[in-house]
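K.L.:
below: sequence and its predicted model.
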Amino acid sequence: MFLRKNLILLNILLVLILIVGLTISIFAQENVKIGVIYPLTGSLANAGKNALNAINLAVSIVNEEHPDLAFNLAPSAGLPNLNGAKIEIVTGNTQGEPEFGRAEAERLITLEKVDALLGAYQSGVTKTASQIAERYKTPFVTGISTSPQLTERGFKYFFRTTQTTAHEAIGAMQLIKGLNARENANIKTIGMFYENTEFGVASYDAVERATIENGFEMVSNIKFPFSSVDLESEVLLLKNANPDFVFGSFMISDLILFIKTCKKLDYIPKGYISLDTGLTEPELLDTVAEDANFLMTKDVFALDLTDKIPLLKKVNEMYRNLYGADFDGNNIRVFTGIMALMDAINRAGSKDKEAIRKALVETDISTDQLIVTWNGIKFDEKGQNVLSAPIFRQMLNKELAIVYPFDLAFSELVYPLPKWSER
């Protein structure tokens, strides 16, 4: 009788152990769902595809064991503070349009039940999508959208890891002042060529403000329709104004058209800086080749800096092995954005959206965890990373080379740009 009771108790204990084990196993396998919102069709589909490639690499680093990488989340498989839970990516296609971004954000939150959102590419799309996220109290991180207004809305759930166009414009003015001091370049007048979107208008506002504050004169501001088919009249206006330095703010398809139109009309700015996007896209050289030479862009990294950024070489090799190309200035920021989001989710130790938001507020990521040139990631009360800063690269012999800050430069900045007939 005693033996029988012991056997019954033992069986009950074994069943309880099995149930607990199964429960732990199920919990450990419960995915954390991140909705990612990018243009996967339309004129910006390549940019969206590259962003998704960067996201997938970042997620594989966290979901699998990578003991050779120095990221905090790389050595173990999954999120350690969530019992090894894996990250699951759910995609949303904006088609490059704000209304689709809004609709996809709502679908991902209400139907797909994502725990957080990452996106988008254009600031105008990020604006509408993040409004939905704020309404549903869902953390939203952007790694790439740069309109300063995005972090001026008093949102609690919106966070941006990259610098804004305001930061970029200020950095560019310092570059121009440096040219005047070092080379006696005598740059006095500024022109702006920008698309009629949230991103373009915000870029113009930032450049205009920085122009005035730094003692230069804005002599031309030309706005054109996004995804144009003809820019001849706009380029002629710029040519006639003939500013000493031109700032461009538009996406890759319009940049290609701008370059082709400038060549057709035998015009090249004396100096040119592209704010945020375009020159770093791989398809640019495939389309216009050496015609892109001497144009300049703000950026956040360069492969030349692998000795200063220990993680960059290894992670870029992983990216190249998977996708046959190096990181560019856009998808590397997307990678950085989702790494920051996954770090916050792990620190939250929970899928609870409020806990994730609180962890994002408390973010303090050091430079040794980054593959960009920033001083870290730390958000102010508006959700803006206060430790990001741009570098500037110029296209020389069909390769982007660091030209500013001067102490990081690998090549001398060319100014004025050579005319088409002199190349």
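P.N.:
Received, thanks.
K.L.:
quick one: the strands in the stretch 51-200 of the chain?
P.N.:
For the stretch 51-200 of the chain, strands defined by DSSP state E, counting those that start in this stretch occupy the ranges 87-93, 116-119, 140-142, 158-160, 189-195.
K.L.:
show me which positions of the third one end up buried.
P.N.:
Same thing as strand 140-142. Within strand 140-142, the residues scored as buried using 16 or more other CB atoms under 10 Å are 140, 141, 142. Every C-beta, even on glycine, is put in place using the N, C-alpha and C of the backbone.
K.L.:
now distance to residue 391 and pLDDT too, for the residues you listed, in a markdown table please.
P.N.:
Shown next, in a markdown table, are those (distance: CB to CB, whole Å; pLDDT from 0 to 100):
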| residue | distance to residue 391 | pLDDT |
| --- | --- | --- |
| 140 | 27 | 98 |
| 141 | 22 | 98 |
| 142 | 20 | 98 |
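K.L.:
domain-wise, how is the protein divided?
P.N.:
Split into domains by automatic domain parsing, the chain comes to 28-163+306-369, 166-299+391-422.
K.L.:
the nearest residue to residue 342 once chain neighbours are set aside: neighbouring residues, count only.
P.N.:
Spatial nearest neighbour of residue 342, excluding adjacent residues (CB to CB, 6 or more residues apart in numbering): residue 62 at 5.3 Å. Here the count is done by other CB atoms under 10 Å, and residue 62 has 25 residues near it.
K.L.:
ok, now residue 389?
P.N.:
Taking other CB under 10 Å as the definition, residue 389 ends up with a neighbour count of 18.
K.L.:
make sure it is actually in contact with residue 164.
P.N.:
No. Judged on CB atoms under 8 Å, residue 389 makes no contact with residue 164 at a distance of 11.1 Å.
K.L.:
just the strands from the stretch 251-400 of the chain, written as ranges.
P.N.:
Under DSSP E, counting those that start in this stretch, the stretch 251-400 of the chain gives strands at 272-274, 296-299, 391-396, 399-404.
K.L.:
save those as TSV, and put in mean neighbour count too.
P.N.:
Output for the strands of the stretch 251-400 of the chain, formatted as TSV (neighbours: other CB atoms under 10 Å):
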stretch	mean neighbour count
strand 272-274	25
strand 296-299	26
strand 391-396	23
strand 399-404	20
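K.L.:
can you list the buried residues in stretch 102-110?
P.N.:
Buried, per 16+ other CB under 10 Å, within stretch 102-110: 102, 103, 104, 105, 106, 107, 108, 109.
K.L.:
and what of stretch 218-238?
P.N.:
In stretch 218-238, counting by 16+ other CB under 10 Å, buried: 218-222, 224, 226-228, 231, 234-235, 238.
K.L.:
neighbouring contacts of it?
P.N.:
43, 96, 189-197, 200-201, 204, 207-208, 211-212, 241, 243, 246, 250-251, 253-254, 257-258, 261-262, 264-265, 267, 269 (CB atoms under 8 Å, 6 or more residues apart in numbering).
K.L.:
report the buried members of the residues you listed.
P.N.:
Buried, going by 16+ other CB under 10 Å: 96, 189-195, 197, 200-201, 204, 207-208, 211, 243, 246, 250-251, 253-254, 257-258, 261-262, 267, 269, out of those.
K.L.:
so where's the chain shaky on pLDDT?
P.N.:
1-29, 276-277 (pLDDT under 70).
K.L.:
helices along that one, start to end?
P.N.:
Using DSSP state H, the helices of the chain run over 2-29, 45-63, 98-110, 123-135, 165-183, 198-213, 232-241, 252-264, 283-288, 310-323, 331-348, 353-361.
K.L.:
re the thing from before, what would the strands of the stretch 51-200 of the chain look like in a markdown table with distance to residue 368?
P.N.:
What follows is these, written out as a markdown table (distance: least, CB to CB, whole Å):
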| stretch | distance to residue 368 |
| --- | --- |
| strand 87-93 | 22 |
| strand 116-119 | 23 |
| strand 140-142 | 21 |
| strand 158-160 | 21 |
| strand 189-195 | 37 |
